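K.L.:
need a structure here:
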Amino acid sequence: MSTPPTKRAGGPGKEEHIRALEGHGSSLGRLAADFAIFLQRYVGVEGSMGKRQDIIKFADGLRAHSLKLRSMADDISLISSSILTFATDQGEGRDEKIKFRRSQKPDHVVSMEPCDYADRKKFDKIISSQPQTVSEFWKNKYEEDAGRNWDLFYKRNENRFFKDRHYLHHIMGKDIKSAILKAKKDGTNPVLMEVGCGVGNTMFPLLTDFPELHVYGVDISKNAIEILQQRPQFKQNSNRSKVWVCDLVNSEIPKEMPPSDISTLIFVLSAINPTGIVGVLRKVLKAMKPGGILFIRDYAIYDLSQIRFGAGSKLEENLYVRQDGTRTYFFSTETLGDMLKEAGFDIISIEYHRKNIKNAKKGIEMKRTWIQSSSRKPLLS
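P.N.:
Predicted coordinates for the structure are as follows:
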């Protein structure tokens, strides 16, 4: 009679347990996300000023707990993935290990952390070694020539550099549909204000996907606005779109701009000196309807582009200048969150979006990290 095989360490029993642990982590993440949506609706409840302030205070506390839950979910997933990788290495064949590792590394991760723990030390070392050698003269020069440098950028690239952002339909669709329904009840037009509209890479997909939406934009670059106005998509939607040249750091939003239900800042704040960002956010807040939603997507700390900057590019901590004179700032959730609060917004969500882009031909992996947030203009403001 043969003896039963000895159960190996990290065998199926442990793997099932670890997968269950990871499932709990995912459940916590989903619970936190659902909870944030619930809070968004709950804060908007009508009532007396005292009651509403109590609700907002209570909601802020609950939101903080939801963020902790999401952080816990991330930690659980990372820990369980590491343990399961070890278990698989011990008890599986090479093909199974490769299959498992691929399944545990999705190319797009939403997280409260900008990178994996193993990468953080390496990235910190690279960033800390980048010298800040740019003189005050050139720092001031880049600030003074911000509009001119973006004009030159669009003169060179026209509308060929950035791709149309069709993914916004999936990210912002629910808020836009809500704005459209509300506008219908009020007998008004639903308005989206795009700050930093460039040559229409955000405007045109939204005009196409939402035929009832009116989109108005401003941009610092005169060349960008002229290129946008010549594109067929703008001419086809001239009855529900309009754009202006506007440097929001040094001027106000045009008076002709109607109050917006939704506002966007898509890869815009990073091009502004951090000292001027809160001022820009306050101007955006002023131009929005009470309860309006602000959507932000931008560069985050530890993004590949930050790691790649060479000598002579670093102006300040997390602020860099490109060879063409345009600047880029890399946000943390804490930094962007503090700026939004200081400007007067109520934060709904703020998180990192991490994506591993693999080039099989060259055998390289590019780790990109962006920051994404949704905020609301308070009803009482």
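K.L.:
next, work out how far apart residue 238 and residue 284 are.
P.N.:
24 Å (CB to CB, to the nearest Å). Backbone N, C-alpha and C define where each C-beta goes, glycine included.
K.L.:
between the two, which one's more packed in?
P.N.:
Under the neighbour definition other CB atoms under 10 Å, residue 238 and residue 284 were set side by side, and residue 284 has more, 25 against 9.
K.L.:
what residues does the more buried one make contact with?
P.N.:
193, 195, 248, 253, 263, 265, 294, 343 (CB atoms under 8 Å, 6 or more residues apart in numbering).
K.L.:
next one: residue 366
P.N.:
With CB under 8 Å, 6+ apart, residue 366 has these contacts: 304, 356-359.
K.L.:
now, which of the residues you listed sits nearest residue 370?
P.N.:
Set against residue 370, the nearest of those by CB to CB is residue 304 (10.9 Å).
K.L.:
spit out the contact partners of the closest one.
P.N.:
366-369.
K.L.:
can we see that at 7 Å?
P.N.:
Residue 304 makes contacts with 366-368, as judged by CB atoms under 7 Å, 6 or more residues apart in numbering.
K.L.:
which of these fall within strands?
P.N.:
Within the contacts of residue 304, residues falling in strands by DSSP state E are 366-368.
K.L.:
residue 130: which of those is nearest?
P.N.:
Nearest member of the ones in strands among the contacts of residue 304 to residue 130, counting by CB to CB, is residue 367, at 17.4 Å.
K.L.:
and the closest one, how many residues sit next to it?
P.N.:
That count, for residue 367 with other CB under 10 Å as the rule, works out to 16.
K.L.:
measure it to residue 355 for me?
P.N.:
In terms of CB to CB, residue 367 sits 8 Å off from residue 355.
K.L.:
please pick the buried ones from the contacts of residue 366.
P.N.:
Using 16 or more other CB atoms under 10 Å as the burial test, those include no buried residue.
K.L.:
tell me the secondary structure of residue 153, please.
P.N.:
Classification of residue 153 using DSSP: H, G, I helix; E, B strand; the rest coil returns helix.
K.L.:
residue contacts, it?
P.N.:
Per CB under 7 Å, 6+ apart, neighbours of residue 153: 324, 326.
K.L.:
could you do residue 355 as well?
P.N.:
Applying CB under 7 Å, 6+ apart, the residues near residue 355 are 107-108, 368.
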